[in-house]
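>>> Sequence plus predicted model, see below.
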Amino acid sequence: MNTKILIIGACGQIGTELTQKLRSIYGNDNVIASDIRKLNNDIVNNGIFEVVNALDYNQIEHLIEQYQITDVYLMAALLSATAEKNPAFAWDLNMNSLFHVLNLAKAKKIKKVFWPSSIAVFGPTTPRYNTPQYTIMEPTTVYGISKQTGERWCEYYHNIYGVDVRSIRYPGLISWSTEPGGGTTDYAVDIYHKALKDGKYECFLSEETALPMMYMDDAIRATVEIMQAPTEAIRIRSSYNLSGVSFTPAEIANEIKKRIPEFTITYKPDFRQKIADSWPASIDDSQAREHWNWKHKFDLASMTDEMLENLK
């Protein structure tokens, strides 16, 4: 049977690039993009696109039946900084959209589910350096609480109902092609835009705030690879730790200065500093590397080259 894919939240930061990648692999007719609103962009204009509300079970079920969907990628979510401003809606969106998709898989209407988790599942009591796969998880943000709860439900639906659900704990993601989506790691995208446009940047995190990051190309590749891996290779059904590169605002600024010597940075930490302080500084992803052969390609220098080159 052909792989037929539905991406919910296809116009978001990850969804945009994931949709393009999956269409290049499986063909435009086999990848259905969907989002709550119809934008005038490549995702909408270059393939099948449907308007769908991730909170509407019937809409999702209808699309799955209409297009004979086998795999669902649920990318719709309210991210960390945005979720803090609207906790009740964030919980509703992040949790109930997941239940809809898990229940459709439980009913055997789809074969495979991808659901993204995040380093936000960790909290201030988690070991900060080389954070292990299994550790203390006491998230202090709405986003983190919803993602940690989601992980438990994913594992439950796999263990009890045999649902083939796969997940990655994304670190901060850096991309030149889509705007940041309201996350705490967004500074690492914004800084490149401002470096080219203004030659200066005011950072909302302190200069020594180390966070795990990943270039978007690596994150998209990891998403595709975990979904293409044989079922028996996926031994963790909550969510896999995933790591690329960890750095501070000062380190990213220094890399930019090597290429734009006149660039300057100042620091004015805001409410996002508290969120960042509750997250890991680096991640141990040895299980992902061992179970399904994950390897990252981009380090800080190669990522900076790519960002500045493409943004120009």
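That came in fine, so what should we check first?
>>> Was I right to think Ser80 contacts Ala120?
Yes: in this structure Ser80 lies within contact range of Ala120 using CB atoms under 8 Å: 5.6 Å. Every C-beta, even on glycine, is put in place using the N, C-alpha and C of the backbone.
>>> which residues are in contact with both of those two?
Listed contacts common to Ser80 and Ala120 are Thr141, Tyr143, Gly144; contacts here mean CB atoms under 8 Å, 6 or more residues apart in numbering.
>>> What residues does the most centrally placed residue in the chain make contact with?
In the chain, the C-alpha nearest the mean C-alpha coordinate belongs to Tyr170, at 5.0 Å (CA atoms, centre = their mean). Tyr170 makes contact with Ile14, Pro116, Ser117, Ser118, Ile119, Met214, Ala219, Leu242, according to CB under 8 Å, 6+ apart.
>>> Take those and keep only those in helices.
Ile14, Ala219 (DSSP state H).
>>> which one of the contacts of Tyr170 has the most neighbours?
The residue in the contacts of Tyr170 with the most neighbours, by other CB atoms under 10 Å, is Ser118 (30 neighbours).
>>> my guess is that one meets Arg169, correct?
Yes: look at Ser118 against Arg169 with CB under 8 Å: they come within range, at 5.8 Å.
>>> Now for the two: what residues contact both?
With CB under 8 Å, 6+ apart as the test, Ser118 and Arg169 both reach Lys147.
>>> Apart from its chain neighbours, what residue comes closest to Gln59?
Once flanking residues are discounted, Gln59 sits nearest to Val52: 4.9 Å by CB to CB, 6 or more residues apart in numbering.
>>> How about Ala210?
Per CB to CB, 6+ apart, closest to Ala210 is Ala281, 4.0 Å.
>>> Then Ser177?
Spatial nearest neighbour of Ser177, excluding adjacent residues (CB to CB, 6+ apart): Glu17 at 6.4 Å.
>>> list the contacts for the one you found?
Glu17 neighbours (CB under 8 Å, 6+ apart): Ser175, Ser177, Thr178, Met216, Ile220.
>>> residues making contact with the lowest-mean-pLDDT helix or strand in the chain?
Taking mean pLDDT, DSSP states H and E as the measure, the helix or strand of the chain with the lowest value is helix 80-85, at a mean of 88. For helix 80-85, the external contacting residues (CB under 8 Å, 6+ apart) are 90, 94, 118, 120, 141-144, 146, 181-184, 186, 271-272, 275.
>>> Just the C-alpha atoms of that helix, please, in CSV.
Extracted in CSV, the C-alpha atoms of helix 80-85 (Å, rounded to 0.1, in the frame of the first residue of the first chain):
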residue,chain,number,x,y,z
SER,A,80,6.7,27.9,24.8
ALA,A,81,6.6,31.7,24.9
THR,A,82,3.2,32.0,23.3
ALA,A,83,1.7,29.2,25.5
GLU,A,84,2.6,31.2,28.6
LYS,A,85,0.3,34.0,27.5
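>>> buried stuff in it?
Ser80, Ala81, Thr82, Ala83, Glu84 (16 or more other CB atoms under 10 Å).
>>> any idea how far Leu22 is from the residue nearest to the centre of the chain?
The gap separating Tyr170 from Leu22 is 17 Å, by CB to CB, to the nearest Å.
>>> residue ranges of the helices in the stretch 1-150 of the chain, please?
Assignment of helices within the stretch 1-150 of the chain using DSSP state H, counting those that start in this stretch yields the ranges 13-26, 42-45, 57-67, 80-85, 87-106, 142-161.
>>> Relative to Glu207, which of those helices is closest?
Among the helices of the stretch 1-150 of the chain, helix 80-85 comes nearest to Glu207, with 19.4 Å by CB to CB.
>>> Just checking the distance from that closest one to the centre of its chain.
15 Å (CA atoms, centre = their mean, to the nearest Å).
>>> Same question for stretch 3-19.
Relative to its parent chain, stretch 3-19 has a centroid offset of 11 Å by CA atoms, centre = their mean.
>>> if you average pLDDT over it, what comes out?
With pLDDT averaged residue by residue, stretch 3-19 scores 95.
>>> What residues sit buried inside that stretch?
3-19.
>>> Equivalent analysis for stretch 285-297, please.
For stretch 285-297, by 16+ other CB under 10 Å, it's Asp285, Gln287, Ala288, Arg289, His291, Trp292, Trp294, His296.
>>> what sits against the second one?
If you count contacts by CB under 8 Å, 6+ apart, Gln287 has them with Gln133, Arg235, Ile236, Tyr240, Asn241.
>>> Good, wrapping up.
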